[in-house]
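Undergrad: I'll drop the sequence and a predicted model, then ask my questions.
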Amino acid sequence: MLVRMDLTVAADAFATHLEQVRRLSPATVRAYRADLRDLSASVGGVSLRDVDLEALRDWLWRATQRGDARATLARRAAAARSFFAWAKDEELIGVDPALRLIAPKRGRTLPAVASKDGMRELLDTKARIAADGDTADLRDHAILELLYGSGMRVSELCGLDVDDLDLDRCTARVLGKGSKERVVPFGRPAGAAVGAYLTRGRPALLERATSATPAVFLGVRGGRMGPRAVYALVADALGPIIGADAVGPHALRHSAATHLLDGGADLRAVQEILGHASLGTTQIYTHVSSERLTATYRLAHPRA
């Protein structure tokens, strides 16, 4: 027998399922929860069983009229399909209305990538400033070196504790999407920058904290540094190099992946370093790895 349930209540139960059973990232859970709340507002708070395909299509149409991006529409359609498939499995509905729901295909844009020379100049400049600078300069240099040197996500960087770092081996243990743990390598320059920060910068910032914290990177008040602060730091440093209006920590991740491929790294090795679940996600970097493509052509083609 089907259980009659309010759409909002069902959406909250689904979000709990995503978090506790499927163990999706908090950001994904928040996005899906927001999408389903928007759906509930669109259909007028009706029962879950009263939502049909036309209501779902009307919901997406309204989103297009608001000017929502194609990526947002695609995610909302995916949230609806996943939600109603779950509801069908839980016997909350008899028929899945989202089976034939189609959203515009996401346009895949190439990521913004800094040049190797640009990154070298930036990091060399930051190193000189950090050598004679204050605690914040030491920290900022270490953050930029580590993000570029490891290709880790900003959430992974902010979640680092001191015990997660092995400066002798130049590795860091990070917690990625889906609570999956992996160990990522980084270069000697990043290791030196992080070591200098831990020795001369972090203790001074820790003195400002109201309580002890194991976090590696600390804000001005001594607490764990958040993604927004890191985003502002990277955007300020990297924007002039890439020439984009809004670039953040992910641009350093893109740059690291592209430069690894340019240097001859195996695609699957890069997948492991980045923590991608699918090799297809990593393959986008092959499209921006022009230096490697050109070098291969010159070596292989008889008329190059």
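TA: Received, thanks. The model shown is predicted, which means the values in this text are computed figures rather than measured ones. Numbering: from 1, shown residues only.
Undergrad: Quick check: which element contains Thr258?
TA: helix 249-262 (DSSP states H and E).
Undergrad: what helices or strands is that helix leaning on?
TA: helix 116-132, helix 135-150, helix 154-158, helix 227-242, helix 267-274, helix 290-300 (3 or more CB pairs under 8 Å, 6 or more residues apart in numbering; DSSP states H and E). Every C-beta, even on glycine, is put in place using the N, C-alpha and C of the backbone.
Undergrad: among the ones you listed, which is the most enclosed?
TA: helix 135-150 (a mean of 24; mean count of other CB atoms under 10 Å).
Undergrad: how about that one as CSV, C-alpha atoms only?
TA: The C-alpha coordinates for helix 135-150 follow below in CSV (Å, rounded to 0.1, in the frame of the first residue of the first chain):
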residue,chain,number,x,y,z
THR,A,135,52.4,35.4,9.1
ALA,A,136,49.7,36.0,6.5
ASP,A,137,52.3,36.2,3.7
LEU,A,138,53.8,32.9,4.8
ARG,A,139,50.3,31.3,4.9
ASP,A,140,49.2,32.7,1.6
HIS,A,141,52.4,31.5,-0.1
ALA,A,142,51.9,28.0,1.4
ILE,A,143,48.3,27.8,0.2
LEU,A,144,49.1,28.8,-3.3
GLU,A,145,52.0,26.4,-3.6
LEU,A,146,50.0,23.5,-2.1
LEU,A,147,46.9,24.0,-4.2
TYR,A,148,49.0,24.1,-7.4
GLY,A,149,51.5,21.5,-6.3
SER,A,150,48.9,18.9,-5.3
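Undergrad: what comes up buried for the host helix or strand of Gly191?
TA: In this assignment (DSSP H and E), Gly191 forms part of helix 188-196. By neighbour count with 16 or more other CB atoms under 10 Å, helix 188-196 contains the buried residues Pro189, Ala190, Gly191, Ala192, Ala193, Val194, Ala196.
Undergrad: how does this protein divide into domains?
TA: Residue ranges for the domains of the chain, per automatic domain parsing: 7-89, 116-297.
Undergrad: so which of those domains comes closest to Ala103?
TA: domain 7-89 (3.3 Å; CB to CB).
Undergrad: Just the endpoints, please. Distance across the closest one?
TA: 16 Å (CA to CA, to the nearest Å).
Undergrad: Likewise for stretch 215-228?
TA: 16 Å.
Undergrad: which stretch in the helices and strands packed on helix 249-262 is the model least sure about?
TA: Sorting these by mean pLDDT places helix 290-300 lowest, at a mean of 61.
Undergrad: Let's see the helix holding Thr258 as PDB, backbone CA atoms only.
TA: Provided in PDB are the C-alpha atoms of helix 249-262 (Å, rounded to 0.1, in the frame of the first residue of the first chain):
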ATOM      1  CA  PRO A 249      41.100  27.700  -6.200                       C
ATOM      2  CA  HIS A 250      39.700  25.400  -8.900                       C
ATOM      3  CA  ALA A 251      41.700  27.300 -11.500                       C
ATOM      4  CA  LEU A 252      44.800  26.100  -9.700                       C
ATOM      5  CA  ARG A 253      43.500  22.600  -9.800                       C
ATOM      6  CA  HIS A 254      42.800  22.900 -13.500                       C
ATOM      7  CA  SER A 255      46.300  24.300 -14.000                       C
ATOM      8  CA  ALA A 256      47.900  21.500 -12.100                       C
ATOM      9  CA  ALA A 257      46.100  18.800 -14.000                       C
ATOM     10  CA  THR A 258      46.900  20.400 -17.400                       C
ATOM     11  CA  HIS A 259      50.500  20.900 -16.600                       C
ATOM     12  CA  LEU A 260      50.800  17.300 -15.400                       C
ATOM     13  CA  LEU A 261      49.500  16.100 -18.700                       C
ATOM     14  CA  ASP A 262      51.800  18.500 -20.600                       C
END
